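Enquirer: Just to be clear, the model below is a prediction. Sequence and coordinates:
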Amino acid sequence: MSPTSQQSRSHSSEQQTDVLIVGGGLGGVAAALAACELGARVVLTEESPWLGGQLTSQAVPPDEHPWIAEQGATRSYLQLRQRIRDYYRRNYPLTEEAAADPLLNPGGGGVSALCHEPQVAVAAIDELLAPYRPDGQLTVLLHHAPIAAATDGDQVRAVTLRDGSPDGNGRELTVQASFVIDATELGDLLELADVEYVNGAESRADTGELHAIDGPAQPLDQQSYTWCFALDYFADGDFTIDRPARYDYWRSYQPDFWPAPLLSWDDVEPRSLDKRHREIFSDAETPRGKPGPDFWHYRRIFNLRHHRPGRYASDVTLVNWPQIDYFDGPLLGVDDATRDAHLEGSRQLSLSFLYWMQTEAPRFDGGTGYPGLRPRGDLLGSPDDLALRPYIRESRRIKAEFTILEKHVGVENRQSEGLPPGSEIFADSVGVGSYRIDLHPSFGGELPAHSYIDISDYPFQIPLGALIPQRVENLLAGNKNIGSTHITNGCYRLHPVEWSIGEAAGALAGYSLRTGHTPRKVRADSSLLADFQQLLTDTLGFQLSWSEEIRTTVR
């Protein structure tokens, strides 16, 4: 049964469940899988038409560490990766060579060993969740956004959601649950349920972090976000979109820290902050699959050379490039009108960059413009030329029992404090991850907007204390809203880490239901913690630590 058909049968205004998971991104999906496997009844809600968040509705191929094919993820995440590959083998006219490749990269993009079409991940996620739907153990409500939360002291009793589907008529549904997991992209439940949280950039005086800002905290200093889109290319075609309403504004836009107008082939190398020049194509053959040091191959999600000759006419690439990072204002800590204006601004930037590429961009052959670039919103589940949702890099973050600081994972910060090589070892680990501390340009709040913070770190663990709020007893963080900082969010926000965070939260909710102990008690009691960690490893296939060799590897 598809999630859409299941959702359409739900007409009640009130519902009860064991675990309510608000937000159907990767963290929310993983939380649902874990809670269901442990026997809990689960309601999983998502405001968009697709489950999968940054992998699907935001259209971002997975950013993963180099060991991902063998280790460093939960069993279910590895199953997700395998199901994506198997979907292509079952349904696409692959060449014999591509079909036989156990490490098939469907798009052949350089950013990941598994670049693929977002809609394929939607199908793979649906397969993973399928066993829990026929008997009603799992209810999936798409097009449902949270609008209110009812609390009683340190407990979240219920969450009210509004149905935003075309035939939903704005109906509201209130779900009562024993445990609530906030897996939304922006930590929406934290605000609705009055859970203490942090926005933006902390002060170095507060966190002691080497790369935190001097002076007072800046709640509006948040990472840029990006409205992605997909393209194919036909050299003789003309798919030029209408001139965007704010094209003149974006055409002349150049931040003080940027080396050229944003609508250009010049951007910034994130580590050195040096000027970098990279065009969409390097030569005439590139759009037909030839490797090249260009943007076309960077996040390519469909490679025609994997398929029988003559079946397809073009690759497809995913545009998530520096030129469409939106620097003009944040989404958190502002009123609704301002937030909506910034979201529209982000859409206008992406459309303007597309229009610039089609009409004014310098070509590799000396000409101007690539009108043959065709936007493929249809591959992104979208009614227009862009992805369903913007790619969000930074959320509200809970004030947690434990906050992950730069000194726990950052190479330079650990060296400055005389700490040994390798990331901090957490006794309450509920998973592992690895990604550089990668912060895209930020708005700056009361300070000027600034460029990348991209610094080395070590492969790390996920501490359970970062998922548990300081006060509220039955709400858990299940996404990038954990107890990290503006700095450490930069390495805890990517696909496999988000999945592990959500799966750990779902497992903790299920374990608490089984044992009658609160999440806080499970963490505080060494015997309960050890029992829970054994459940993670033996039942759910978690990896809780890295080998010493990997833990001390500089990324």
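Expert: Arrived safely. Numbering: from 1, shown residues only.
Enquirer: For the rest of this, base every contact and every neighbour count on C-alpha atoms.
Expert: OK.
Enquirer: so where does the residue lying closest to F353 once chain neighbours are set aside fall, helix or strand?
Expert: Distance criterion CA to CA, 6 or more residues apart in numbering; nearest residue to F353, sequence neighbours excluded, is L263 at 5.9 Å. In this assignment (DSSP states H and E), L263 forms part of neither any helix nor any strand.
Enquirer: before we move on, what about D267?
Expert: Using DSSP H and E, D267 maps to strand 266-268.
Enquirer: Neighbouring strands of that strand in the sheet, and parallel or not?
Expert: Paired neighbours of strand 266-268 in the sheet (DSSP bridges): strand 275-277 (antiparallel).
Enquirer: Can you report how many residues neighbour the residue nearest to F353?
Expert: Using other CA atoms under 10 Å, L263 is surrounded by 26 other residues.
Enquirer: how much space between it and G153?
Expert: Distance, L263 to G153, using CA to CA, to the nearest Å: 51 Å.
Enquirer: Quick check: pLDDT value at the closest residue to R204 other than its chain neighbours.
Expert: Computed as CA to CA, 6+ apart, the closest residue to R204 that is not its neighbour in sequence is A212, at 4.8 Å. Listed pLDDT for A212 reads 97.
Enquirer: Parallel or antiparallel, which strands does the helix or strand where I21 lies pair with?
Expert: Assessed by DSSP H and E, I21 sits inside strand 14-22. Here strand 14-22 is paired, per DSSP bridges, with strand 42-46 (parallel), strand 172-182 (parallel).
Enquirer: Next, format these as TSV and append distance to E96, mean neighbour count and mean pLDDT.
Expert: Shown next, in TSV, are these (distance: least, CA to CA, whole Å; neighbours: other CA atoms under 10 Å; pLDDT from 0 to 100):
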stretch	distance to E96	mean neighbour count	mean pLDDT
strand 42-46	38	26	98
strand 172-182	44	23	98
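Enquirer: on that earlier part again, per-residue pLDDT of the residue nearest to F353, please?
Expert: The model reports L263 with a pLDDT of 98.
Enquirer: other SSEs contacting whichever helix or strand D86 is part of?
Expert: Element membership for D86, per DSSP H and E: helix 75-91. With contacts defined as 3 or more CA pairs under 8 Å, 6 or more residues apart in numbering; DSSP states H and E, helix 75-91 has these neighbours: helix 118-129.
Enquirer: Tell me the spacing between A230 and P375.
Expert: To P375, A230 is 6 Å away according to CA to CA.
Enquirer: Would you map out the domains in this structure?
Expert: For the chain, automatic domain parsing gives the domain ranges 3-199+393-551, 225-380.
Enquirer: Mean neighbour count, those domains: which tops it?
Expert: When the domains of the chain are scored by mean count of other CA atoms under 10 Å, the highest mean neighbour count falls to domain 3-199+393-551 (a mean of 21).
Enquirer: L38 contacts Y511, doesn't it?
Expert: Yes. Using CA atoms under 8 Å, L38 is in contact with Y511, at 7.3 Å.
Enquirer: residue ranges of the strands in the stretch 251-400 of the chain, please?
Expert: Along the stretch 251-400 of the chain, counting by DSSP state E, counting those that start in this stretch, strands occupy 266-268, 275-277, 300-302, 316-319, 325-326, 373-375, 397-398.
Enquirer: Dump the fourth one to PDB, keeping only the CA atoms.
Expert: Spelled out, that is strand 316-319. Extracted in PDB, the C-alpha atoms of strand 316-319 (Å, rounded to 0.1, in the frame of the first residue of the first chain):
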ATOM      1  CA  VAL A 316      20.700  14.200 -15.800                       C
ATOM      2  CA  THR A 317      22.600  16.300 -13.200                       C
ATOM      3  CA  LEU A 318      21.500  17.700  -9.900                       C
ATOM      4  CA  VAL A 319      22.200  21.400  -9.300                       C
END
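Enquirer: Sheet-wise, list the partners of it with their directions.
Expert: If you go by DSSP bridges, strand 316-319 pairs up with strand 229-233 (antiparallel), strand 300-302 (antiparallel).
Enquirer: which residues of the stretch 51-200 of the chain score low on pLDDT?
Expert: Low-confidence segments of the stretch 51-200 of the chain (pLDDT under 70): none present.
Enquirer: So which residues of it form strands?
Expert: Ranges of strands within the stretch 51-200 of the chain are 138-142, 144-152, 155-163, 172-182, 197-198, based on DSSP E, counting those that start in this stretch.
Enquirer: Not counting its own residues, what contacts the fourth one?
Expert: I take that to be strand 172-182. Contacts with strand 172-182, where a contact means CA atoms under 8 Å, 6 or more residues apart in numbering, come from 12-23, 28, 156-163, 188-190, 474-479, 505-506, 509.
Enquirer: what's the longest helix in the protein?
Expert: helix 336-359 (DSSP state H).
Enquirer: For stretch 299-319, measure first residue to last.
Expert: End-to-end distance of stretch 299-319 (CA to CA): 7 Å.
Enquirer: What mean pLDDT does that stretch get?
Expert: Mean per-residue pLDDT for stretch 299-319: 96.
Enquirer: same thing with stretch 225-243?
Expert: For stretch 225-243, the per-residue pLDDT averages 97.
Enquirer: For the remainder of this discussion, apply numbering that starts at 26.
Expert: I'll keep to 26 as the first residue from here, and by that count the last item is stretch 250-268.
Enquirer: residues making contact with that stretch?
Expert: 83-85, 312, 339-345, 349-352, 371-372, 375, 377, 380, 383-384, 395-402, 404-405, 410-412, 414-418.
Enquirer: Next: stretch 362-371.
Expert: So stretch 362-371 is in contact with 250-252, 349-351, 353-357, going by CA under 8 Å, 6+ apart.
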